[in-house]
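Participant: Coordinates for the following, if possible.
(one chain, ligands or ions: 1)
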Amino acid sequence: MSDAPRLIAAAREAARHAHAPYSRFAVGAAVLLTDGSVVTGANFENASYGLSLCAETVAIATVSAQGRLREVVAVGVIGGAMDAEGRARGDQPVRPCGRCRQVLNEAAQMGGRDLAVHCAGAEGDAVASYRLSELLPDAFGPGDLGIS
Ligand code: THU
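Facilitator: Numbering: from 1, shown residues only. The predicted structure follows:
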């Protein structure tokens, strides 16, 4: 069975903790590891706007800080504009931005896996699933620097 439903549910839960007072767009990410455990992240904005971190980057950095970068198998990403109560809304799937695709690629190449990337909205059943190699073809990565 696909890991998508579980990862999307975890990403939606994570998005509740988005710190996004500037864009009011909440994003959650859930990273699946080889042992079945899931590590989550949410976007973390900053009053100095350009310093803001995306949900996927927060999640992958957390995985790395746990020494588990090579164990990443798949990721779920959700996002949506926040309503007046701060809850993410909308059923349009949100795909990782370009920078996050590159960050995900670090985990993919270090682990020797083409990651599954499951994308959904904050609500609803629509899911768009990809391989990272589709979202970031011919990627630059650790191998280009002689690191495997
Ligand atoms: N954002 C993410 O967290 N991940 C993405 O892949 C796209 C964008 C965040 C950044 C910012 O906090 C908000 O969404 C609006 O751009």
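
Participant: If we ignore the residues flanking it in sequence, what's nearest residue 141?
Facilitator: residue 109 (4.0 Å; Cβ to Cβ, 6 or more residues apart in numbering). C-beta: built from backbone N, CA, C; applies to glycine.

Participant: Please report the number of neighbouring residues for the one you found.
Facilitator: By other Cβ atoms under 10 Å, 22 other residues sit near residue 109.

Participant: That one and the ligand: what is the separation?
Facilitator: Using Cβ to the nearest ligand atom, to the nearest Å, residue 109 is found at 19 Å from the ligand.

Participant: now residue 130, nearest residue through space, not along the chain?
Facilitator: Per Cβ to Cβ, 6+ apart, closest to residue 130 is residue 117, 4.7 Å.

Participant: correct me, but that neighbour touches residue 136?
Facilitator: No. Applying Cβ atoms under 8 Å, one finds residue 117 not in contact with residue 136, separated by 9.6 Å.

Participant: Get me the contact residues on the protein for the ligand.
Facilitator: 20, 23, 25, 27, 43, 45, 52, 54-56, 96-97, 100 (Cβ under 6 Å from any ligand atom).

Participant: Can you tell me the SS state at the nearest residue to residue 76 once chain neighbours are set aside?
Facilitator: Nearest-residue entry for residue 76: residue 7, 2.8 Å, with adjacent residues in sequence omitted and distances by Cβ to Cβ, 6+ apart. Look at residue 7: counting by DSSP: H, G, I helix; E, B strand; the rest coil, its state is helix.

Participant: Need the per-residue pLDDT for residue 7.
Facilitator: Per-residue pLDDT puts residue 7 at 99.

Participant: contacting residues around it?
Facilitator: Residues in contact with residue 7, defined by Cβ atoms under 8 Å, 6 or more residues apart in numbering, are 30, 32, 38, 74-76, 118.

Participant: burial of residue 22, as a residue count?
Facilitator: 11.
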